[in-house]
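Participant: Return atomic coordinates for the entry below.
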Amino acid sequence: MEPKIALVTGASGGLGTSVVKALLDAEMTVIGVSRNITASDVPHPSFVALPGSLSTLESSAALVDGVIKRFGRIDVLAHLVGGFDGGKPIAGSDEASFRAMFDINLFTAFYVLRAVLPHMRRQQGGRIIAIGSRAAESPGPGVGAYSASKAAIVSLIRTVALENGKAGITANVLLPGTIDTRANRAAMPDADTSAWVAPSSIASLIVWLSGGSGSDVNGAVIPVYGAGG
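Facilitator: Below is the predicted model:
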C-alpha cells in the first residue's frame, strides 16, 4: 500500500513538531504547513515543507491545491493552528482582540476545511483531527475570547463529522489542557508543569485516530487534560 498523505497545519510549533514526527514514524508522507517552515526543520525523506498562510480562503485553497497536484490526495488533516490571548474580562475586551482569536482559532480551520473536504469527498475517505482546548468546555475569567473561539471549533468539527460521515470521512476534536511546550514554559515560568500534557501524548492520539483502529470514532470531543485531570 502507498503511504497515507497527511497535511499538518501549524507544523513548526511546539505541538506540531511532535505530531509531524509521530506521523512520519507511522510511515506517512507528511506535508507540514507553517509561515516560515523549511525542509531543514525536519530532515526526513517523507517530509515536505510547505510555507504559507491559512489567513484567507484563497491562500488555504492554493496550499491544498498544490498538495493535491503533487500527491493526488489528502488522507489526514491534522489542524493544529491556534493562538491564545487572555487577561481581560469581557467587559474590558476590545473588538480587535476578540476578532483576532476567532481569526486564528476558528477561521483558519474553516478555510482549510473548505479547501480539503471536497477532495476527501471525491476520494470517499479521510481523517480530520483538530485541536481545541479544555477552555472550550471549562472557560475561566479573563479568557472569554479564547474560550469562545475554541468552543466554536468544537461545534464546527462536530458539524463536519455529521455532514461527511457517509462519505467515509471522520472528524474529531481534541481538548488538551496546558501543553508542555517551550513557549508555554517561557510564558509561565513559575507554573507547576507536572500535570501539563506532553505533546507526544497528543501526537500518539492523532496517529491512532488516523489509523484503522480509529475508523469508528467520528464526531468525538476528546479531553486530554493531563495527569491532574
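
Participant: Mind giving me the packing neighbours of the longest helix anywhere in the chain?
Facilitator: Criterion DSSP state H: the longest helix present in the chain is helix 144-164. On a contact count with 3 or more C-beta pairs under 8 Å, 6 or more residues apart in numbering; DSSP states H and E, helix 144-164 meets helix 95-102, helix 108-123, strand 126-131, strand 169-176, strand 221-224. For glycine as for every other residue, the C-beta is placed from the backbone atoms N, C-alpha and C.

Participant: can you redo those as a markdown table with mean pLDDT?
Facilitator: Formatted as a markdown table, these follow (pLDDT from 0 to 100):
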| stretch | mean pLDDT |
| --- | --- |
| helix 95-102 | 94 |
| helix 108-123 | 98 |
| strand 126-131 | 98 |
| strand 169-176 | 98 |
| strand 221-224 | 97 |
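
Participant: Point out the most buried one among those.
Facilitator: Scoring those by mean neighbour count under mean count of other C-beta atoms under 10 Å gives strand 126-131 as the most buried, with a mean of 26.

Participant: What strands flank that strand, and is each parallel or antiparallel?
Facilitator: Using DSSP bridges, strand 126-131 pairs in its sheet with strand 76-79 (parallel), strand 169-176 (parallel).

Participant: right, and those - which one's nearest Gly13?
Facilitator: strand 76-79 (11.7 Å; C-beta to C-beta).

Participant: what does that closest one contact?
Facilitator: Strand 76-79 is contacted by residues 4-10, 19, 23, 28, 108-109, 112-113, 116, 120, 126-131, 206, 210 when judged by C-beta atoms under 8 Å, 6 or more residues apart in numbering.

Participant: how far does that strand sit from the chain's center?
Facilitator: Centroid separation for strand 76-79 versus its chain: 6 Å, with C-alpha atoms, centre = their mean, to the nearest Å.
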